[in-house]
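Curious how this folds, go ahead:
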Amino acid sequence: MVLFGCVGALGMAVDLSVLTAAVELLGLEFRIARVLGFLAAVSFNFALNDRVTFRGAGKARLGVRYLRYVAVCSGGMALNYAVSVRLFSSSTWFEAYYPVAAAAGVAAGTTVNFLGAKLLAFRREPEPADADLHSNATDVRADDH
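Next comes the predicted model:
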């Protein structure tokens with residue numbers, strides 16, 4: 001969980017940086033900028049979590065692991081988005097300090113994302129049965145009769 005938290009903290013920096021750039025430099029509306037921040041952060045987080053936090057957990061191809069991770073994190077994103085947009089819309093303070101609303105959303109979605117990543121996206125694939133061991137056991141039993 002510690003590594004996941006560290007990756008998440010870096011991902012939050014990516015999210016908030018993209019959000020701020022989209023709002024301040026591109027003039028995008030907060031709700032649209034939140035989605036762009038999420039997309040950047042989820043890709044960044046996948047790359048680090050796949051290599052560091054859950055290394056060796058997935059036997060599936062990279063593209064399959066990425067799509068599974070994005071699908072799982074979509075649940076956390078929905079909660080993240082709902083919290084941040086609600087806060088942004090609820091007061092002029094959160095409107096002025098929109099990164100705080102976004103950070104609160106990230107905090108809300110983190111637990112959902114961790115559980116989903118651990119249990120679904122990066123679950124350990126079962127090891128295939130050793131065919132030689134199984135066939136030898138069958139041969140031994142056949143010889144015993």
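
Surely Ala40 touches Met12?
No: using Cβ atoms under 8 Å, Ala40 makes no contact with Met12, being 11.1 Å away. Using the backbone N, CA and C atoms, a C-beta is placed for each residue, glycine as well.

what about the residue nearest the centre of the chain, distance to Ala13?
Central residue of the chain (Cα atoms, centre = their mean): Cys73, 4.5 Å from the mean position. Note on Cys73: its distance to Ala13, by Cβ to Cβ, to the nearest Å, is 17 Å.

any low-confidence regions in this protein?
Scanning the chain for pLDDT under 70 picks out 1, 56-58, 121, 123-145.

And the helices in it, which stretches?
Along the chain, counting by DSSP state H, helices occupy 2-24, 30-48, 62-90, 92-96, 98-116, 131-144.

Phe54 is nearest to which of these?
Nearest to Phe54, of all the helices of the chain, is helix 2-24, at 8.3 Å by Cβ to Cβ.

Perfect, I'm done here.
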